[in-house]
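> got a predicted structure plus its sequence, pasted below:
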Amino acid sequence: MTTFDRTIETAVGACEALPLIGRIKTICLVRDLRGRVRLIVEPENVGPESRAICHEIEDAVAAALGAYFERPVLSTNEGRERGRLAHLILDKGEPLERSAFPRAEGPPDSGNPVLPVWKIVERRFSKLSWLQQGVPEPPWPLKPGTPPIVAFYSFKGGVGRTTALVSCAWQLARKGKRLVVLDFDLEAPGLGSLLEVASNRGILDVVVDSLATGKTSLADATGAARAFGADDGARVDVLPAGRLSVSYVEKLARLDFAAAEPWDSDEKSSAMGAFSELLLEIKRKLAPDFILIDARAGLKDLSGISLRGLSHVDVLFSRASEQSYDGLGLALEILGRGRRGPPGGLVIVHALAPREPTSGVGQEETEEFRDRVYALFENSLYGEEPPPTDDETAGHWPWPLAREQDLERFSKLASVERILFSEDYRRLLDRIEELCVPEGDGEEEDEKEEGR
């Protein structure tokens with residue numbers, strides 16, 4: 001039985017095994033929302049022979065895919081409307097990644113024909129931010145005078161991601177920095193309560209209003225981090241998710257993460273555009289030194305937007321467990337799409353690390369975590385010349401945050417201030433700050449802008 005994971009490989013194999021496949025210039029596979037496959041072909045020549053080849057392709061793929069195939073095969077040589085549609089879809093198709101499965105050689109009597117160019121159109125309802133191919137582009141480039149955007153992400157919850165963000169925010173405020181903290185965990189918000197924020201609106205209100213009116217307003221949507229105390233808290237503007245109510249769910253139900261056109265996988269969704277505008281308005285109106293985002297755990301659309309479309313620096317949390325390694329590996333593979341060369345702006349956190357790393361058990365877990373993370377980087381991000389495993393300046397080097405029982409249950413942040421300003425958290429912030437410094441001094445870019 002054909003399964004979703006095998007549909008593309010099976011369709012390609014069925015086509016390339018046909019004797020007359022060399023007379024087709026281009027084939028585009030369209031996989032719809034149900035996972036079913038349609039074919040658009042561009043024959044070499046116009047005429048009865050090309051129609052016969054299309055029918056042959058249709059029968060072969062139908063036999064191979066069964067219910068996963070949707071007839072008919074659409075050809076660029078058909079009448080006006082169908083031909084125009086075929087050309088439109090071919091133009092929108094992306095090159096098919098062929099490294100995942102072998103190329104067929106054709107039947108023995110075919111003379112090994114020149115095989116067609118393959119394209120693909122994936123129609124998706126969501127997860128576009130995770131699956132886009134291009135290099136991520138934050139709302140503004142990282143350069144002197146602009147606030148870096150730092151996203152804190154974990155594949156699994158309960159690993160101390162929000163706690164680490166709070167620690168970094170408090171430390172930065174204590175240093176006299178102004179910053180904005182955003183709760184992007186819209187489906188399970190809590191950062192506003194943790195930081196004791198008083199505001200009538202939140203991120204969800206700002207975004208939904210922006211989608212409806214085309215205007216982005218932060219009015220009444222921010223509040224000070226009162227949990228940090230009067231002085232430190234005044235330097236931190238917090239945008240909570242919003243006030244929880246039935247109305248909150250109504251607003252959440254209106255976020256559309258689909259692209260404007262089903263085939264435009266690299267187009268920004270309306271929601272992604274609204275979140276980008278939110279950050280631009282924060283930059284204009286609040287002028288922070290840093291922007292910290294508490295991203296949703298798992299593979300939610302908003303998590304993908306945070307990592308793949310908004311942030312300059314990504315802080316990824318993982319425990320020393322198989323589930324966490326699997327999730328971290330997937331996140332790194334997706335973050336590596338479109339990158340060239342060594343990764344920049346990545347921090348790996350060894351969450352809930354041993355309290356005594358030099359003990360037998362602690363040393364064993366620490367070494368295993370480093371080895372596993374290095375292997376994941378080799379698989380997804382490093383090229384032919386990876387950095388040494390003991391290079392503490394490289395992206396794979398993990399920064400440990402030890403398990404602290406006091407952090408698992410507390411009523412006020414002030415009661416765990418000592419832990420949040422401990423050496424582990426200080427070193428993590430130092431690493432993040434290093435990555436927030438743009439390469440070079442930015443003078444070249446400033447001169448170019450002045451020249452324009």
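Yes, it's here. Numbering: from 1, shown residues only.

> gap between stretch 238-250 and the chain center?
24 Å (CA atoms, centre = their mean, to the nearest Å).

> using CSV, write out every CA atom in it.
Output of stretch 238-250 as CSV, limited to C-alpha atoms (Å, rounded to 0.1, in the frame of the first residue of the first chain):
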residue,chain,number,x,y,z
VAL,A,238,6.0,43.2,28.7
LEU,A,239,3.4,42.3,26.1
PRO,A,240,1.4,39.5,27.6
ALA,A,241,-0.7,37.2,25.4
GLY,A,242,-3.9,38.9,26.5
ARG,A,243,-6.7,38.6,29.0
LEU,A,244,-8.1,35.0,29.1
SER,A,245,-11.8,34.8,28.3
VAL,A,246,-14.2,33.4,25.7
SER,A,247,-13.4,36.4,23.6
TYR,A,248,-9.7,35.5,23.8
VAL,A,249,-10.5,32.1,22.1
GLU,A,250,-12.6,33.9,19.5
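
> just the buried positions in it, please.
238-242, 248 (16 or more other CB atoms under 10 Å). (C-beta placed from N, C-alpha, C; glycine too.)

> and stretch 35-48, by the same measure?
Buried residues in stretch 35-48 (16+ other CB under 10 Å): 36-43.

> what is the mean pLDDT for that stretch?
Stretch 35-48 carries an average pLDDT of 88.

> all strands for the stretch 151-300 of the chain, in order.
For the stretch 151-300 of the chain, the strands defined by DSSP state E, counting those that start in this stretch cover 179-183, 223-224, 236-239, 290-294.

> possible to save those as TSV with distance to Glu9 and mean pLDDT?
Output for those, formatted as TSV (distance: least, CB to CB, whole Å; pLDDT from 0 to 100):
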stretch	distance to Glu9	mean pLDDT
strand 179-183	41	97
strand 223-224	53	98
strand 236-239	45	98
strand 290-294	37	97
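
> looking at the ones you listed, which is closest to Ile27?
Evaluated over the strands of the stretch 151-300 of the chain, closeness to Ile27 peaks at strand 290-294, with 41.3 Å, by CB to CB.

> and that closest one, how far out from the chain's middle?
16 Å.

> relative to strand 179-183, how tilted is that strand?
10 degrees (axes from the mean of the first three to the mean of the last three CA atoms, to 10 degrees).

> pLDDT weak spots in this structure?
Along the chain, the model assigns pLDDT under 70 to residues 98-113, 128-130, 132-136, 258-269, 338-343, 440-452.

> ok, residues contacting the longest helix along it?
Counting residues, the longest helix in the chain under DSSP state H turns out to be helix 360-380. Here helix 360-380 makes contact (CB atoms under 8 Å, 6 or more residues apart in numbering) with 318, 320, 325, 328-329, 332-333, 335-336, 343, 348, 350, 353-357, 386, 389, 394-398, 400.

> possible to save the strands of the stretch 151-300 of the chain as CSV with distance to His312?
Formatted as CSV, the strands of the stretch 151-300 of the chain follow (distance: least, CB to CB, whole Å):
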stretch, distance to His312
strand 179-183, 14
strand 223-224, 25
strand 236-239, 18
strand 290-294, 9
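
> for these, which one sits closest to Glu94?
strand 290-294 (28.8 Å).

> tell me the helix or strand right after the helix or strand harbouring Arg84.
Using DSSP states H and E, Arg84 sits in helix 80-92. The helix or strand immediately downstream of helix 80-92 is strand 94-95, counting by DSSP H and E.

> that next one pairs with which strands, parallel or anti?
Paired with strand 94-95 in the same sheet, following DSSP bridges, are strand 117-122 (antiparallel).

> between the partner strand and helix 80-92, how big is the angle?
Going by the same axes, to 10 degrees, strand 117-122 makes 90 degrees with helix 80-92.

> just the buried positions in strand 117-122, please.
118-122.

> which single one of these is nearest to Leu218?
Glu122 (35.8 Å).

> surely that closest one touches Asp32?
No: the pair Glu122 / Asp32 is not scored as a contact, 9.1 Å apart, by CB atoms under 8 Å.

> give the buried residues for stretch 323-338.
Under 16+ other CB under 10 Å, the buried positions of stretch 323-338 are 324-325, 327-329, 331-332, 334-336.

> of the residues you listed, closest to Cys436?
Leu335 (17.5 Å).

> relative to Gly327, how far out is the closest one?
From Leu335 over to Gly327 the distance is 12 Å, taken as CB to CB, to the nearest Å.

> show me what stretch 224-239 is in contact with.
169-170, 173-174, 176-183, 191-192, 194-199, 202-203, 206, 218, 221-223, 282, 286, 288, 412-414.

> hmm, which of these are the buried ones?
Applying 16+ other CB under 10 Å to those flags 169-170, 173, 177-183, 191-192, 194-197, 199, 202-203, 206, 218, 221-223, 282, 286, 288, 413 as buried.

> now, which of those residues lie within helices?
169-170, 173, 191-192, 194, 203, 206, 282, 286.

> and these, which two are the farthest apart?
Trp170 and Val206 (24.4 Å).
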